[in-house]
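Colleague: Got a predicted structure here, sequence first:
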Amino acid sequence: FFTMRPPLFLSFVSALFYLAGCKTVKDPPSVQWLRPTDSPVWSTDSNVPLRFTYTDPAPKRGRQGLATWRVDIGPENESGANAPTIWWSATGETPTQLAVEGLDVIDTVDLTWTVPDFNSAPPNSTALQLTVSVWDSEGVRAADFTTAEIQRPPLESIGIAYVANKAPE
């Protein structure tokens, strides 16, 4: 082994590093929101259809695992804090019938989110951030973001009933 000439030895070592390194070589995944397409305004208790598409390219070398995805919805983070508040989340992975070895995985996911009813909140609107993330089997992440708004109906009250003919002062 040590009697090899330097160029041959370097080729041997390079081949070992090549084989010992990352076994899968592939392009990163991509993801895109399809619905909502703009910044819609939703009312409380409405069922909101969500749709996104993602692509997980086939590896140039190695085996392809299943990609996973996650959707998060929460109030838009204006304070600059690191961790956003999440009101709703959904997760999933590539259906096994789409993960055909040697082919790119392209999938479109449809979800429905029921906007919560905020009984104790003031009657105004809340800006939302919708995030969809996709991770390939190597742990590489792609994400897309969009915004929406929740419009709460104004509070209503009825007049006060009086026992006497004259209203109290």
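Modeller: Ah, there it is.

Colleague: who's in contact with the helix or strand harbouring Thr55?
Modeller: Taking DSSP states H and E as the definition, Thr55 sits inside strand 47-56. By Cβ atoms under 8 Å, 6 or more residues apart in numbering, the residues outside strand 47-56 that reach it are 29-36, 42, 64, 67, 69, 71, 94, 104-115, 130, 132, 134, 136, 142, 144, 148. The way it works is simple: take the backbone N, C-alpha and C, and place the C-beta from them, glycine included.

Colleague: So which residues of this protein form strands?
Modeller: 30-35, 41-43, 47-56, 68-75, 88-93, 105-114, 125-135, 141-151 (DSSP state E).

Colleague: Including mean neighbour count, could those strands go into TSV?
Modeller: TSV is the format used below for those (neighbours: other Cβ atoms under 10 Å):
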stretch	mean neighbour count
strand 30-35	16
strand 41-43	13
strand 47-56	18
strand 68-75	18
strand 88-93	13
strand 105-114	14
strand 125-135	19
strand 141-151	16
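
Colleague: out of those, nearest to Thr24?
Modeller: Thr24 lies closest to strand 47-56 among the strands of the chain, at 11.7 Å (Cβ to Cβ).

Colleague: tell me the mean pLDDT for the closest one?
Modeller: Strand 47-56 carries an average pLDDT of 97.

Colleague: now stretch 68-81
Modeller: 83.

Colleague: Ok, stretch 100-114 next?
Modeller: Summarised as a single mean, pLDDT over stretch 100-114 is 94.
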